[in-house]
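>>> this is the structure alone, sequence omitted:
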DNA sequence: GAGGGTTTCCAAAACGTTTTGGAACCAGTA
DNA sequence: TACTGGTTCCAAAACGTTTTGGAAACCCTC
């Protein structure tokens, strides 16, 4: 029942382990006849290399790591499965395995998870998502000179590879278009964590408002969790203002859905009374009512870009850090006419 | 820059590698004073064990594998992230890593993915989801006598551990209640793949119909993809029947949402004109309109059960296969009044 | 001073692979 | 004959850890 090793094949054939190994690897210093014999015997005996042993010897694991920051037990992120599919499919095609760890963000557990993967040489490289302001993970990986790629830029001038979506420009455009159709009091539902993408989006928001000489009431910028409930609560808070906004931008589609629910409870209609704009374009965005106007991120492709870049980095094929800034696509549906 | 090894610590202290190893592991055959010295030095030198080497020596990887069957590039499954959170959090707590592979179901790639993980000793055990009729994966793992746990039962009398939700009973109840409120023409939107859970649910459906002496029109049982579009198409087909059903059961909430969309396009209202019942209770089920009546699966807990069981199995703490059949909870909302 | 027990340490083997640095042999050439 | 070059093979080391089976040193006791 125990697994067949190179040694077993070697003994059976009266060859050395070296020769068997090199025969299977296709080296030219083994006679074609011998090679065939080894191949056939390996097949017969059901040989499959022990990957752990191979990894130890080769000093690489052919594995990439991905630490998912999870909020609470009921963690449900529609983007996540798609991102993982993008990463996983490409990794598999390139002969890499994917190690996934789950931890709550910005905790000691998270730090330990990264330490373990990096210092324990558990993986050859890491993919980071949702970069944060002054991100400890980025700092750590730079210190350790460990290969990694992020989805999202960082705050400083650190040199590393990233893929990002230009939320600043996207939000700038959307706000412009909202203003063009008559909106003046425009709110922004921000996350309750210092996530980088929210900073960029806020910058775009402020730039567009300033560009049209519109004042920004700071109470229009509300911080809540990136969930439906967060969007619901945020919209409630906005509706309680003396003069509520007529348009609301959110940081993901779940928030937008929650915001719409809050409107409906007050008898208001998203898209008519208040414009609501989401972000991401999750599959459900077009199926809810009113259908969501949103900024689409090509998340599967982003997963592929991240993985492709990381593998290039691991293989040493990257001389300079790689940067890719994708433009989000504005998808106009019913929740905000633009 | 190269990593610190046991040997480096040993040489620094003039001890043997054995002693350093045993000191760090807390064995009693090393003097307390020496142990402290080793601990401190290891700390100073920034020692972290090479996990690959440890795995090779210990002949186990402390890793569990999870192969995700992915349909098409735009793979978005709201349950998936929650299941993964359940598995991942428990695995981390028990000191296990999680290796995730992605492949399309029932392909050669899938077979190869399993072969690689099992034969290459890449993981200590596997978690399988969405068991299929005559599941090749189950057959393979039984043959290889490899530890695994499935979400979903199988067709035969194979002995292995599983966790499942009693869809047969759940659907039986729902159909009963639909009949109680006056429905007679009840349809069932099935997946287009031979997934076990669909078989059980169909059995419950037929049993309830038979129990009330209601005929089952075979054209009421429609096979489509487990997606919104699948649900949309399926409902369209049902509406084209000479006398369409007045109630429709689906195999997941996405399908139900698609079905509702098809109704709306024809000016029909789910919950009034046609009752629509989902399955799973994804977070969005309560937020769409009409809110979804559905059968809730406690997916995070299922992930934990799967992981807990697998780890017990790996550790040899399980004498008999473990079976857990959970009851789904009927969540009545607007799309079907029960 | 012999025997027994305890404490503390370690050399060597093992896990299964890949790589290094030849060695042995043969054929062809000067 | 002696040398060169090519082909085919292999012993040994290496990757970094844990475990095995002692050994050395010391202290007690009779």
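In hand now; what should we look at? For clarity, every value in this text was computed on a predicted model and none was experimentally measured.
>>> which residue is nearest the middle of chain A?
residue A:129 (4.2 Å; C-alpha atoms, centre = their mean).
>>> tell me the spacing between that residue and residue A:297.
From residue A:129 across to residue A:297, the span is 12 Å (C-beta to C-beta, to the nearest Å). All C-beta spots, glycine's among them, are computed from the backbone N, C-alpha and C.
>>> OK, contacts around the residue nearest to the centre of chain A?
A:66, A:68, A:69, A:83, A:150, A:151, A:152 (C-beta atoms under 8 Å, 6 or more residues apart in numbering or on different chains).
>>> let's see that with 10 Å instead.
By C-beta atoms under 10 Å, 6 or more residues apart in numbering or on different chains, the contact set of residue A:129 is A:66-69, A:79-80, A:83, A:87, A:149-152, A:163, A:195, A:302-303, A:306.
>>> now, which of those residues lie within strands?
A:66, A:67, A:68, A:69, A:149, A:150, A:151, A:163 (DSSP state E).
>>> and which of the residues you listed is nearest residue B:215?
residue A:68 (48.8 Å; C-beta to C-beta).
>>> about what we covered before: if you rank the ones in strands among the contacts of residue A:129 by neighbours, which is first?
residue A:149 (28 neighbours; other C-beta atoms under 10 Å in any protein chain shown).
>>> wait, doesn't residue A:88 sit right on residue A:96?
Yes: assessed by C-beta atoms under 10 Å, residue A:88 is found in contact with residue A:96 at 9.4 Å.
>>> give the residues shared as contacts by those two.
Common neighbours of residue A:88 and residue A:96, counting by C-beta under 10 Å, 6+ apart, are A:64, A:307.
>>> compare the two (neighbour count), which wins?
Using other C-beta under 10 Å as the criterion, residue A:88 and residue A:96 rank with residue A:88 on top: 28 against 22.
>>> quick check: residues of the stretch 151-300 of chain A near chain B?
Listed as neighbours of chain B in the stretch 151-300 of chain A under the rule C-beta under 10 Å from any C-beta of the partner chain: A:227-229, A:232, A:253-254, A:257-258, A:260-261, A:264, A:282-284, A:286-290, A:299-300.
>>> what subset of those residues is buried?
Using 16 or more other C-beta atoms under 10 Å in any protein chain shown as the burial test, those include A:227-228, A:232, A:253-254, A:257-258, A:260-261, A:282-284, A:287-290, A:299-300 as buried.
>>> so which of these are in strands?
Per DSSP E, strands hold no members of those.
>>> nearest spatial neighbour of the residue in the stretch 151-300 of chain A that DNA strand D sits nearest to, chain-adjacent residues omitted?
Residue nearest to DNA strand D within the stretch 151-300 of chain A (C-beta to the nearest atom of the strand): residue A:160, separated by 25.0 Å. Closest residue to residue A:160 apart from its sequence neighbours, by C-beta to C-beta, 6 or more residues apart in numbering or on different chains: residue A:321 at 5.6 Å.
>>> against residue A:211, how distant is residue A:275?
Counting by C-beta to C-beta - residue A:275 and residue A:211 are separated by 19 Å.
>>> more neighbours, these two?
More crowded of residue A:275 and residue A:211, by other C-beta under 10 Å: residue A:275, with 24 against 12.
>>> quick check: the more buried one is in a strand.
Yes: per DSSP: H, G, I helix; E, B strand; the rest coil, residue A:275 lies within a strand segment.
>>> wait, it sits on residue A:186?
Yes: taking contacts as C-beta under 10 Å, residue A:275 lies within contact range of residue A:186: 8.4 Å.
>>> picking up where we left off before, thinking the residue nearest to residue A:160 is in contact with residue A:310, fair?
No: counting by C-beta under 10 Å, residue A:321 stays clear of residue A:310, with 11.9 Å between them.
>>> neighbour-wise, which of the two wins?
Applying other C-beta under 10 Å to residue A:321 and residue A:310 shows that residue A:310 carries more neighbours, namely 30 against 13.
>>> what helix or strand is the more buried one on?
Per DSSP states H and E, residue A:310 falls inside helix A:299-314.
>>> show me what that helix is packed against.
Judged by 3 or more C-beta pairs under 10 Å, 6 or more residues apart in numbering or on different chains; DSSP states H and E, helix A:299-314 is in contact with strand A:63-69, helix A:78-93, strand A:125-129, strand A:148-151, strand A:161-165, strand A:323-326.
>>> now do the buried residues in it.
For helix A:299-314, burial by neighbour count (16+ other C-beta under 10 Å) applies to A:299-300, A:302-314.
>>> ok, so of those residues, who is nearest residue A:190?
Nearest to residue A:190 out of the buried residues of helix A:299-314 is residue A:299 (C-beta to C-beta; 20.7 Å).
>>> can you give me the pLDDT of the residue nearest to the closest one when sequence neighbours are not counted?
Nearest non-adjacent residue to residue A:299, counting by C-beta to C-beta, 6+ apart: residue A:82, 4.8 Å away. Note on residue A:82: pLDDT of 93.
>>> was I right about residue A:82 contacting residue B:75?
Yes: using C-beta under 10 Å, residue A:82 is in contact with residue B:75, at 5.8 Å.
>>> what sits in contact with each of those two?
A:283, A:300.
>>> which one of those two has more residues nearby?
residue A:82 (27 against 23).
>>> which pLDDT value goes with the residue in the stretch 101-250 of chain A that DNA strand D sits nearest to?
Closest contact between the stretch 101-250 of chain A and DNA strand D, by C-beta to the nearest atom of the strand, is at residue A:121 (7.7 Å). With respect to pLDDT, residue A:121 has a value of 97.
>>> and what of residue A:102?
In this prediction residue A:102 is given a pLDDT of 94.
>>> of all the buried residues of helix A:299-314, which comes closest to DNA strand C?
Comparing the buried residues of helix A:299-314 against DNA strand C with C-beta to the nearest atom of the strand places residue A:314 closest, at 15.8 Å.
>>> pick the one among the buried residues of helix A:299-314 closest to chain B.
Nearest to chain B among the buried residues of helix A:299-314: residue A:300, at 5.3 Å, using C-beta to the nearest C-beta.
>>> tell me the helix or strand right after whichever strand or helix holds residue A:209.
Assigned by DSSP H and E, residue A:209 falls within helix A:196-211. Going down the chain from helix A:196-211, the next helix or strand is strand A:221-224, by DSSP H and E.
>>> which strands and helices sit next to that next one?
Here strand A:221-224 touches strand A:186-191, helix A:196-211, helix A:228-239, helix A:253-265, going by 3+ C-beta pairs under 10 Å, 6+ apart.
>>> format the ones you listed as a markdown table; extra columns: distance to residue A:30 and mean pLDDT.
A markdown table is the format used below for these (distance: least, C-beta to C-beta, whole Å; pLDDT from 0 to 100):
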| stretch | distance to residue A:30 | mean pLDDT |
| --- | --- | --- |
| strand A:186-191 | 59 | 98 |
| helix A:196-211 | 53 | 98 |
| helix A:228-239 | 62 | 96 |
| helix A:253-265 | 58 | 95 |
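>>> residues contacting residue A:105?
A:67, A:68, A:69, A:70, A:71, A:130, A:132, A:137, A:193, A:195.
>>> ah, wrong one, I meant residue A:142
Applying C-beta under 10 Å, 6+ apart to residue A:142 gives the contacts A:135, A:148, A:154, A:156, A:158, A:159, A:160.
>>> which of the residues you listed are buried?
Among these, the ones that count as buried by 16+ other C-beta under 10 Å are A:135, A:148, A:154, A:160.
>>> what pLDDT does the second one get?
If I follow you right, that is residue A:148. If you check residue A:148, the pLDDT there is 98.
>>> what's the local residue count around the closest residue to it other than its chain neighbours?
Once flanking residues are discounted, residue A:148 sits nearest to residue A:126: 4.2 Å by C-beta to C-beta, 6+ apart. Applying other C-beta under 10 Å, we find 23 residues neighbouring residue A:126.
>>> dump the residue contacts of residue A:126.
A:64-67, A:99, A:101, A:114, A:117-118, A:137, A:141, A:146-150, A:310.
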